[in-house]
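> Okay, structure incoming, though there's no sequence with it:
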Ligand code: SF4
């Protein structure tokens, strides 16, 4: 497992860095390093998978509710979540080795991989690094069962690779149907319109005669408030998607894939008292609307929604 040395992260430690790796990409501090392994055993909320795969550490989107901030290399980096990212430079080479090893041990069973749980594989740095793209190219050779979890429209760049993967589900994160709510909770992330356009673009680009047909989900997780006036628009944009997934913001059975409570997100809940004062009822009403108006779409909740099948 990767054991980051905080001394490497110039700007986030007081000691002299071992290597001067820091550079800027947009407003983000970017670091590069080699990892010891790239596939991590999956557990908890996604225990149905064999591995999680995170090409980057840290995430430029810096969502206010992100539980992954807790795994930052040091407290300063945790506080500055969203403003740094570590590129796992040898990820593709490691993946090839690790899949080769799996293949030898389990020739009859392809691994089940969830990409990603603590970063976004299509955050802005991916335009330059193309690390996720290289990982997909390796995976085409080994045919794992793969779930891609992202909130980035950049995922459409890799459409040409998708039908070459034998078993793929793309989960697009869209936690609210209200752009103003999105701007409050995740101001550095892409617009809702762009994300929903991207998942429909993938659906439209798939040709059943040309290979495997990927499954497509919209994960409304954590389920943030959607203003009443935005519900019609949101529901219409979900039409045609195989599955939508819901999950309350603070789930009593919280496990590793559930949004943790960061101070920024708690403060924002005050602004949306009309929803959070009775979150349970608001959530159930929203779920009922989706079930009633999207009869062709699977509406799942919590852990069940994150499964591949
Ligand atoms: S995109 Fe995902 S990993 Fe990145 S900050 Fe948001 S919730 Fe966390």
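Received the coordinates, thanks. If you're wondering where the values come from, they're calculated on a predicted model, not measured in any experiment.

> Which pLDDT value goes with the residue of the stretch 151-300 of the chain found nearest the ligand?
The minimum distance from the stretch 151-300 of the chain to the ligand, using CB to the nearest ligand atom, falls at residue 151 (5.2 Å). For glycine as for every other residue, the C-beta is placed from the backbone atoms N, C-alpha and C. At residue 151, the predicted lDDT confidence score is 98.

> Identify the residue spatially nearest to it, adjacent ones excluded.
Counting by CB to CB, 6 or more residues apart in numbering, residue 173 is the residue found nearest to residue 151 once chain neighbours are left out, at 4.0 Å.

> rewinding a little: so the residue of the stretch 151-300 of the chain closest to the ligand touches residue 62, yeah?
No. Using CB atoms under 8 Å, residue 151 makes no contact with residue 62, being 11.8 Å away.

> picking that back up, quick one, phi psi at the residue nearest to residue 151?
Main-chain torsions, residue 173, degrees, to the nearest 10: phi -80, psi 120.

> looking at the sheet around it, what are its partners?
Per DSSP bridges, the residues bridged to residue 173 are residue 219.

> ok, it - contacts?
For residue 173, the contacting residues are 149, 150, 151, 195, 218, 219, 221, by CB atoms under 8 Å, 6 or more residues apart in numbering.

> could you dump the residues you listed to CSV with secondary structure?
Below are the contacts of residue 173 laid out as CSV (DSSP: H, G, I helix; E, B strand; the rest coil):
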residue, secondary structure
149, strand
150, strand
151, coil
195, helix
218, strand
219, strand
221, coil
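
> residues in contact with the strand or helix carrying residue 140?
For residue 140, the element it lies in under DSSP states H and E is helix 131-142. Contact with helix 131-142 is made by 53, 55-56, 87-88, 91-92, 95-96, 99-100, 102-103, 110-111, 113, 115, 121-122, 126, 146, 157-158, 161, 164-165, as judged by CB under 8 Å, 6+ apart.

> and the ligand, which of these contact it?
Near the ligand, judged by CB under 6 Å from any ligand atom, there are no entries from these.

> Of these, keep whichever come out buried.
Among the contacts of helix 131-142, those classed as buried by 16 or more other CB atoms under 10 Å are 53, 55-56, 87-88, 91-92, 95-96, 99, 102-103, 110-111, 113, 115, 121-122, 126, 146, 157-158, 164-165.

> ok, what's across the strand from residue 28?
Here residue 28, judged by DSSP bridges, has bridge partners residue 25.

> Now for it: which residues touch it?
By CB under 8 Å, 6+ apart, residue 28 lies in contact with 60, 83, 84, 85, 124, 125.

> Closest one to residue 281 out of the residues you listed, please.
Nearest to residue 281 out of these is residue 60 (CB to CB; 35.1 Å).

> Roughly how far does the closest one sit from the ligand?
Look at residue 60 and the ligand: by CB to the nearest ligand atom, to the nearest Å, they are 7 Å apart.

> what about that residue, how many residues close to it?
23 (other CB atoms under 10 Å).

> contacting residues for the closest residue in space to it that isn't next to it in sequence?
The shortest distance from residue 60 to any non-neighbouring residue, by CB to CB, 6+ apart, is to residue 123 (4.4 Å). By CB under 8 Å, 6+ apart, the contact list for residue 123 reads 56, 59, 60, 61, 85, 152.

> near the ligand, which residues of the chain?
Residues of the chain found near the ligand, taking CB under 6 Å from any ligand atom as the criterion, are 59, 61, 62, 63, 66, 68, 118, 119, 120, 151.

> Out of these, which sit inside helices?
Among those, no member is found in helices (DSSP state H).

> Sweet, I'm off.
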